[in-house]
Structure formats: C-alpha cells, structure tokens
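Undergrad: Sequence first, predicted coordinates after that:
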Amino acid sequence: MLTGESLVLSVMYLIVFLYISLVLGKVDLVKSKFALGFGAVVTVFSGLIMSVGLCSILGVQTSLVPWEAFPFLIIVVGVENISVLTNAVVMTSLDLPVKERVGLGLSKVGASMTLSLGGEMCLLIIASATSIPALQEFCLFAAVSIVMDYFMQITFFVTILSIDIRRLELSDLHKLRKIQAPSIGSCRLPPAFDLIGEAI
C-alpha cells in the first residue's frame, strides 16, 4: 500500500512527465510529438537510473538524498537542454540531409550546453564541500545526474530526434507521390505519339 510520502512523490513525477510532454508538444516540424515527448521522458529517467547505479558503484551514499526535490532538478536541467536542442535541429534547412541537420543543430547549442554543464558541476562540487551530510550527498548525486543526463541527451535523445525527422521526411515524400500519381496517370500523350500509334 502506498504511503503518503510515496504517493506525493509519484504525483510529482507524473507532473514532470506531463510537463515534459507539454513542452515538446509545442515543437513543430516533427512527425510525432507524443513519441518525441515520451523519448524525452525516457531520456531523463534513464539518466537518473544510471546515476543511481553509478553512485552505487563509486560508493557514493544516497540514503539522505531528498528524492522529492529531484523532479524539479530534472525540469531545470533536463527539459531545458532537450527543448533547446530540439528547436536548434528542427529550425535548420529542410533541404539538408538528416545527419547534417542534426550536426548543425548540435554545433549551434552544443557549446552552450557543455558550458552550462561545467558551470553546474562547479557549483555542485563547491556545495558538496559542506559539512552537512544530506546536502553533501544531494550535491554529489546531482552532479552525477546532470553528467548522465547530458550524456543521454547527446546520444539517446539525438538518435530519437533523428529518427523522428527522417520519418517526417518519408511521410512528406509519400504524400507527394500520392498527389503526383493521379496527375501522371491522367495526362494525355502529345499528338505526335497518337499518330505513331495509328501508324502502328
């Protein structure tokens, strides 16, 4: 049976899920906004799970980590980068191949994302020098979390975004062919070809 604390935590993570889906739902020029939003949620929570495993391997204690605060950390760090990265990629020229569009998008925002990661890491590492055990554990775990989230964004989420853009291109191409097919079938041959047919 769910306790009051676990129920509140579940509701908060549900709100995070809805917020991420809402933010990416405003992005145009993608095939499936729902799939992209779900991919963003998987990206963020996969990074969080990887952080727990890595901290366990490194021996970093997480027993005092306030898990109620992590949904807000996810929103501040994860969603902003995903939204910025998505907008940078979809705003590139539609005439370019998908891999070039993704490359251009990453070149526009990759440096700022990395600098932002470095600044957040410095702040968390400095804050982890405190003598308060709970704050120390939170800062160390948060530092690992944002690194894992960054890694997932530039690998897993970029792959999902590339597939979605490619699906959009194939869908547009299929629609164009369906529009052109009747016009090609209904066009008449030039008179010269009619004369040739009669002669045959």
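TA: Yes, it's here. Residues are numbered from 1 along each chain as shown.
Undergrad: Which positions in the helix or strand where residue 43 lies come out as buried?
TA: Assigned by DSSP states H and E, residue 43 belongs to helix 33-58. Applying a neighbour-count criterion of 16 or more other Cβ atoms under 10 Å, one finds 33, 36-41, 43-48, 50-52, 55 buried in helix 33-58. Heads up, the C-betas are built off the backbone N, CA and C, glycines and all.
Undergrad: How about stretch 113-127?
TA: 113, 116, 117, 120, 121, 124, 127.
Undergrad: same check, this time on stretch 144-157
TA: Applying 16+ other Cβ under 10 Å to stretch 144-157 flags 144, 145, 146, 147, 148, 149, 150, 152, 153, 156, 157 as buried.
Undergrad: ok, now which ones touch the third one?
TA: So that's residue 146. 77, 117, 120, 121, 124 (Cβ atoms under 8 Å, 6 or more residues apart in numbering).
Undergrad: element containing it?
TA: If you go by DSSP H and E, residue 146 is part of helix 133-152.
Undergrad: now that helix: mean pLDDT?
TA: Taken as a whole, helix 133-152 has an average pLDDT of 84.
Undergrad: between that helix and helix 33-58, how many degrees?
TA: Between helix 133-152 and helix 33-58, the angle comes out at 130 degrees (axes from the mean of the first three to the mean of the last three Cα atoms, to 10 degrees).
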